[in-house]
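A.B. asks: Let's see this in three dimensions:
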Amino acid sequence: MPRQKPRIVVITIREDENAAVVSRVSELGFYPGKHRTYKLRSVDHRTKGSYPIAIFRATEQGPNKAQNVARNAIEDLDPEFIVLAGIAGGVPSKEFTLGDVVVATRLHDFLPDAPPQLINQGGPMTNRVQDLVTLLPALEKDLAGWQSPENIKTPRPAVIMADKAFYGEDAWQKKTKESLEFHLLQQKRADPIVTARAVAPPVAISLRTLRS
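C.D. replies: You can find the predicted model right below:
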């Protein structure tokens with residue numbers, strides 16, 4: 001059992017998201033924490049060999065479950081970064097698409113069907129995350145090519161646009177269809193991007209307990 005605690009925790013929600021993450025990294029075994037047992041994997045670094053990460057899947061969706069999982073991971077591992085991989089409870093949008101990486105600059109609560117509540121809600125990220133955000137422009141050269149098909153190695157999944165594939169209220173279905181058509185059918189932007197933005201639940205609730 002490796003003695004070094006993983007510096008990064010990757011949380012997934014869906015089973016297929018968890019399988020996709022696990023399939024891309026090397027197996028090291030398991031890491032038993034006080035609250036959870038984590039899949040311990042190794043990620044290759046471009047210049048520094050490899051380092052361990054802990055992967056854990058939340059068994060249920062929802063902000064309360066996400067918050068519990070994040071709190072357990074923090075108490076078990078005291079990680080420097082938490083990554084929420086997958087759709088992350090994303091709202092259909094023409095701004096972001098499948099594969100995009102969003103580095104959180106701040107945590108906000110956005111209430112459903114209401115204007116964003118930006119006052120006295122959430123807070124700034126840790127100093128380590130803030131450093132990463134400010135360095136992103138300087139890292140563009142080092143990051144070049146990460147989004148190429150050769151590096152991602154997985155084609156975009158096929159999208160079924162039939163009406164029966166959508167559910168929820170009419171306005172939600174309409175927004176989802178428009179976003180999918182914009183990104184996947186009209187192909188306004190084929191490659192994923194890295195950007196820094198404020199994030200909202202369940203990401204915000206999941207990460208709120210990180211210590212600064």
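
A.B. asks: Every contact and neighbour count from this point should use C-alpha atoms.
C.D. replies: Fine.

A.B. asks: which residues touch residue 57?
C.D. replies: By CA atoms under 8 Å, 6 or more residues apart in numbering, the contact list for residue 57 reads 11, 12, 13, 14, 15, 18.

A.B. asks: Distance of it relative to residue 31?
C.D. replies: Separation of residue 57 from residue 31 (CA to CA, to the nearest Å) stands at 14 Å.

A.B. asks: low pLDDT regions in this structure?
C.D. replies: By pLDDT under 70, the weakly predicted segments of the chain are 1-4, 47-48, 63, 88-90, 108-123, 200-212.

A.B. asks: rerun at 50
C.D. replies: 1-2, 111-120, 203-212 (pLDDT under 50).

A.B. asks: ok, which stretches of the protein are helices?
C.D. replies: For the chain, the helices defined by DSSP state H occupy 15-23, 63-77, 127-135, 140-143, 149-152, 170-180, 203-207.

A.B. asks: Ok, which of these comes nearest residue 38?
C.D. replies: Closest approach to residue 38 among these (CA to CA): helix 63-77, 9.0 Å.

A.B. asks: Now do that closest one: which elements does it pack against?
C.D. replies: Counting contacts by 3 or more CA pairs under 8 Å, 6 or more residues apart in numbering; DSSP states H and E, helix 63-77 packs against helix 203-207.

A.B. asks: about what we covered before: out of the helices of the chain, the one nearest residue 86 is which?
C.D. replies: It is, among those and with distance given as CA to CA, helix 15-23, at 5.6 Å.

A.B. asks: Give me the helices and strands touching the closest one, please.
C.D. replies: Partner elements for helix 15-23 (3+ CA pairs under 8 Å, 6+ apart): strand 50-57.

A.B. asks: Direction included, what does the strand it packs on pair up with?
C.D. replies: Here strand 50-57 is paired, per DSSP bridges, with strand 8-12 (parallel), strand 37-44 (antiparallel).

A.B. asks: That'll do, ta.
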